[in-house]
Structures are given as C-alpha cells and as structure tokens.
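Asker: what follows is a predicted protein model with its sequence.
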Amino acid sequence: MTMLADTRRPPLTWRLLTAIPVVGRIAREISQEAENALYAVIILLTVLILAAKTWGIFVFTLAALAAVPVMFAFFIWICWPFRKAD
C-alpha cells in the first residue's frame, strides 16, 4: 500500500485572492498567523491618517466611498443561501 500526499486544491476564490500581488501576500500571511491582521489594520490606519494630513478631511469621504462596494459584497456573502456549511 502506498501513501499518497493530500493533493486537494484550495477553492477557486482562495486561488484568485492569492494571485493578486499585494493582497495575495497579505492574505497568505494572515492565514498563517492571525497576528498579521492587526499589523494590516495598523498600516491601513496609518496610511489613512497620513493621507488626511496631506489632502485634508476629504480623504475620509473617499475612504467611505471605497468601502461601500466592499461592504455590499460582504453582506451578500454572509447572506448567500446556498453556501456550504463548514
């Protein structure tokens, strides 16, 4: 009897997410160690503050506008009736 390695492929969404250069690297690091998520949030807040110091309070409006499609997709994802139970 031979022992075969587990050759299951990750889901398509995970492969697409990790294929994006910057986002994929962050996603892989967060999946390996949850502490990296905190660093990502701190970096995003720092970038937002530096942008506000450079361009003013208008940056917060742009950040909120950019978050709308992300939140819309998130709400669809959590309410999708046909997803598999883990």
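Answerer: Received it, and whenever you're ready, just let me know what you need. Residues are numbered from 1 along each chain as shown.
Asker: what's in contact with stretch 27-42?
Answerer: By C-beta atoms under 8 Å, 6 or more residues apart in numbering, the residues outside stretch 27-42 that reach it are 17, 18, 26. Where C-beta positions appear, they are placed from N, C-alpha and C, glycine not excepted.
Asker: doesn't residue 12 make contact with the second one?
Answerer: No: taking C-beta atoms under 8 Å as the definition, residue 18 is not a contact partner of residue 12, at 11.0 Å.
Asker: tell me which of those two has more neighbours.
Answerer: Using other C-beta atoms under 10 Å as the criterion, residue 18 and residue 12 rank with residue 18 on top: 16 against 8.
Asker: CA atoms only: put the helix or strand harbouring residue 66 into PDB for me.
Answerer: Here residue 66 sits within helix 58-79, counting by DSSP states H and E. Taking C-alpha atoms only, helix 58-79 is exported to PDB below (Å, rounded to 0.1, in the frame of the first residue of the first chain):
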ATOM      1  CA  PHE A  58     -11.900  64.900   2.100                       C
ATOM      2  CA  VAL A  59      -9.900  61.600   2.300                       C
ATOM      3  CA  PHE A  60     -12.300  60.200   4.800                       C
ATOM      4  CA  THR A  61     -15.200  60.700   2.300                       C
ATOM      5  CA  LEU A  62     -13.200  58.800  -0.300                       C
ATOM      6  CA  ALA A  63     -12.300  56.000   2.100                       C
ATOM      7  CA  ALA A  64     -16.000  55.600   3.000                       C
ATOM      8  CA  LEU A  65     -17.000  55.700  -0.700                       C
ATOM      9  CA  ALA A  66     -14.400  53.000  -1.400                       C
ATOM     10  CA  ALA A  67     -15.800  50.800   1.400                       C
ATOM     11  CA  VAL A  68     -19.300  50.800   0.100                       C
ATOM     12  CA  PRO A  69     -18.800  48.100  -2.600                       C
ATOM     13  CA  VAL A  70     -16.700  46.000  -0.200                       C
ATOM     14  CA  MET A  71     -19.400  46.100   2.500                       C
ATOM     15  CA  PHE A  72     -22.100  45.400  -0.100                       C
ATOM     16  CA  ALA A  73     -20.200  42.300  -1.300                       C
ATOM     17  CA  PHE A  74     -19.600  41.200   2.400                       C
ATOM     18  CA  PHE A  75     -23.400  41.400   3.100                       C
ATOM     19  CA  ILE A  76     -24.200  39.400   0.000                       C
ATOM     20  CA  TRP A  77     -21.600  36.800   1.000                       C
ATOM     21  CA  ILE A  78     -22.900  36.300   4.600                       C
ATOM     22  CA  CYS A  79     -26.500  36.100   3.400                       C
END
